[in-house]
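Asks: pasted the sequence and its predicted model underneath.
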Amino acid sequence: MPVDRRPRRRSITDRAATGIAKRTALGRRLTALAAELRQRHITLHWTNMFGVVSLACVVVVFVSGVFLMFFYAPSSTQVVYGGAYAPLGGATMSKAMRSTLAISFEVPGGLLMRQVHHWAALLLPAALILQLLTTFFTGAFRRPRRLSWVLLFLLLIVALAGGWSGYALPDDMLSGTGLRIVEGIVLGIPVVGTWASALLFGGEFPGQIIEHLYPVHVLIVPAALVGLLVWRIRIAYVERPPQFAREGATERAVVGVPVLPNAAVRTGGLFAIVTGLLFLVAATVTVSPIWLYGPSSGGDASAGSQPDWYTGFLDGALRLVPPGWEFVWLGRTWTLAILVPLAVVGAYLAAVLLYPFVEEWITGDAREHHILDRPRNTPARTGIGVAGIVFYGALWGAGSADLVATHFQLGIETVVHVYQAAVVVGPLVAFAVTRRVCLALRTKDGELLLQGFETGRIVRLPGGEYVEVHQQLDEHERWRLTNTSDGEPYQARPDARGHLGMVSRVRAGVSRFFFEDRVSPVARSVEPPQPVTRGDRAAEPAGAGAPRSR
C-alpha cells in the first residue's frame, strides 16, 4: 500500500504566527516564555485548587462588575419609584436602589449578572481563607515565601473590604441596618469617633455614604486586588514551587507536571467549572432580594438582619461583650463594649499576618524550605492553627446568637454565655487536644517504620508459637514518613558581658514550649527489626513479610 511520506504543509495561520514570533520583540519574548514554561514543573495536589477558585471568583466579579457599572447610579438623591416592581410603586428611595431594582427587573440579564457578582464575592473570601489554612498547616509560609503569605492575607482583607462596600451600595433596608451599626461603632471610638463618622458618611447619617463607598468598590478595591494578585503570581513564578515529601522530591528537585500544557489545561478546566457553577447557582438561587427588604430608612432597622458570612465574626465580637462596660475618663466616655472587640479582632488579624515571622523568631530556623510539612509533624503549630479556627468559629457563631436562640427555643443570655465560654476556653482545649492527637499520630508513624504494617496473616512457627506477619514499608513510604523539618529549641546565651537578657530568656522559654513533648522522627536509615532468638528456636529471616510476635 503506497504511503505518502511528504511532510505536511503548514497552514497559513501557523506560518504567519511563526513569522510574527520571529520578527517582533514581543513574539520572541512570548516564544521564550512558552519554552521556559514547558520545561518548568509544578506539583499536583488538591490544595492547589483553592488558588484557581480564587482567581475564577476575581474574574467573575470583575466581568459582572463592569456590566453592572453601566446601569448603577451611585447617588443618595431621593426619588419616587415607578418601575416594574409594582409592590414598591410610589415608594420613596434613593437613586442607588432605584437603579438596582431596574437592573434586577428591567435590564435583560441584569438579575443574573447581579446575583453572580454577589455569589462570586461570597465565595472569594472562603477560597482565600482555605488557601491561608492549607498554607499555614503545611508550613508553606516559611522562607522564602513569607512575603507570599503577607500578600495572601492582604488579598483576604481587600476582598472583605470590597464585599462590605458592595453590600451597602443597593441602599436597601438590610444594608442600611448594617451601615447604622458601622456608624455606632465609629462614633464609639474615643477622641476621633465623631470626626471619623463625619468623614465616612459625609455628615449626619446616612449622609453621602453611597457616593463615598462607590469609588472604594469600583476603583480602590479592584486596583488593590489586581496589584496583589500580580505581585503574588510574580513571586510564585520566581520561587521554586513547594511540594510534599514524595519519591524523588528534594529541596532542589521538583516532581510534577510541566506548566505547559499539562498544568495549564488542568487549571483552565477547573477555572471553567468554577465559573459555570457560579452562573448556575446565580441562575437558580436568589441572593439579596432587596425588593423584599424595601428602601433604607435611617429610623428603621430590618428585623433578624444578618451580615454576609465573611463579616459575621465582627458582629459576633460585638455581641459577646458584657453590658455596662464603659467608664468616664478625661471628660470622655470610654465604651469598652466597642473598644475591646476592636482590640481583640485587631490582635487576632495581626497575629495571623505576623505568624511566619514570630515562628521563625521562636525556632531560629532561617533556612529555605521547599518541602512542605505534614501537620502531624508540627504539633505546636497545628494546635495553634486549630485554636485559631475555634476562636474565629466562636465569634462567627455568636453573630447569629439571636437566630440560634429563636430556632432552638433557648434563652438569648444562655446562648451568649455559651459563646463567651467558647471564645475563652475553646481555643485552649482545641490546642491541647490537637497537639496530643498529632503526637499520637507521629508515634504511630514511628511504629510503622520500625515494625511495618499489620497484614492480618497469622503463621505458626516450628516451636508452636503463633505470630503475625508484618509487611515492611517501601522506600517511598519510608521517605514520606521520615522527612521532617524538626529543629532544636532555641538556647538562651549570655552576651559579651555575661548578661542574660529578658528577651533571650522569653524566647528560649517559648521555644521550649513550641518543641516540648515532640516525638523525634525515626532516621531514614533504620533497618527492619531483626529476628529474635528464643532458646534454640530462630525466627524466620526478617525483611518484607517477616513475622512478629504478638
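Replies: Received, thanks. Residues are numbered from 1 along each chain as shown.
Asks: gap between the two ends of stretch 162-175?
Replies: 14 Å (C-alpha to C-alpha, to the nearest Å).
Asks: run the chain-centre distance for that stretch.
Replies: For stretch 162-175, the gap between its own C-alpha mean and the chain's C-alpha mean amounts to 23 Å (C-alpha atoms, centre = their mean, to the nearest Å).
Asks: please apply the same query to stretch 273-289.
Replies: Relative to its chain's centre, stretch 273-289 lies at 22 Å (C-alpha atoms, centre = their mean).
Asks: for stretch 265-274, same thing?
Replies: The gap between where stretch 265-274 is centred and where its chain is centred comes out at 20 Å by C-alpha atoms, centre = their mean.
Asks: show the average pLDDT along stretch 453-469.
Replies: Across stretch 453-469, pLDDT averages out at 83.
Asks: oh, I was asking about stretch 97-107
Replies: Averaging pLDDT along stretch 97-107 gives 94.
Asks: list the helices and strands the longest strand along the chain packs on?
Replies: In the chain, taking DSSP state E as the definition, the longest strand is strand 453-460. Counting by 3 or more C-beta pairs under 8 Å, 6 or more residues apart in numbering; DSSP states H and E, the packing neighbours recorded for strand 453-460 are strand 466-471. Any C-beta I mention is one placed from the backbone N, CA and C, and that applies to glycine too.
Asks: pull out the buried positions in the strand it packs on.
Replies: 467, 469, 470 (16 or more other C-beta atoms under 10 Å).
Asks: what do you get for stretch 128-143?
Replies: For stretch 128-143, the neighbour count (16+ other C-beta under 10 Å) marks 128-132, 134-142 as buried.
Asks: how far off centre is that stretch?
Replies: Centre-to-centre, stretch 128-143 and its host chain are 8 Å apart (C-alpha atoms, centre = their mean).
Asks: so for it, what's the average pLDDT?
Replies: If you average the pLDDT over stretch 128-143, you get 94.
Asks: export that stretch as CSV, just CAs?
Replies: Presented in CSV, the C-alpha positions along stretch 128-143 are these (Å, rounded to 0.1, in the frame of the first residue of the first chain):
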residue,chain,number,x,y,z
LEU,A,128,-8.8,32.7,50.3
ILE,A,129,-9.4,31.5,53.9
LEU,A,130,-9.0,27.9,52.8
GLN,A,131,-5.8,28.8,50.9
LEU,A,132,-4.5,30.5,54.1
LEU,A,133,-5.3,27.4,56.2
THR,A,134,-3.6,25.0,53.8
THR,A,135,-0.6,27.3,53.6
PHE,A,136,-0.4,27.5,57.4
PHE,A,137,-0.8,23.8,58.3
THR,A,138,1.8,22.7,55.7
GLY,A,139,4.4,25.3,56.6
ALA,A,140,4.3,26.9,53.1
PHE,A,141,4.7,30.3,54.7
ARG,A,142,8.3,29.8,55.7
ARG,A,143,11.3,31.3,53.9
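Asks: residues contacting it, please?
Replies: 47, 50-51, 54, 148-149, 152-153, 155-156, 159, 242, 244, 352, 355-356, 359-360, 365-369, 372-375, 378, 381-382, 385, 389, 485 (C-beta atoms under 8 Å, 6 or more residues apart in numbering).
Asks: packing partners of the helix or strand hosting residue 149?
Replies: Assigned by DSSP states H and E, residue 149 falls within helix 146-168. Counting by 3+ C-beta pairs under 8 Å, 6+ apart, the packing neighbours recorded for helix 146-168 are helix 110-137, helix 173-187, helix 209-215, helix 221-238, helix 336-363.
Asks: what are the buried residues along the shortest one?
Replies: By neighbour count, and taking 16+ other C-beta under 10 Å as the criterion, the buried residues in helix 209-215 are 209, 210, 212, 213, 214.
Asks: and residue 253, that one's in a helix?
Replies: No - using DSSP: H, G, I helix; E, B strand; the rest coil, the assignment for residue 253 is coil, not a helix.
Asks: can you count the residues close to it?
Replies: 11 (other C-beta atoms under 10 Å).
Asks: with residue 487 instead?
Replies: Neighbours of residue 487 (other C-beta under 10 Å): 14.
Asks: surely it is in a helix?
Replies: No - Residue 487: not assigned to a helix; according to three-state DSSP it is coil.
Asks: compute the distance between the residue most central in space within the chain and residue 45, please.
Replies: Centroid-nearest residue in the chain, with C-alpha atoms, centre = their mean: residue 129, separated by 1.7 Å. The spacing between residue 129 and residue 45, counted by C-beta to C-beta, to the nearest Å, is 18 Å.
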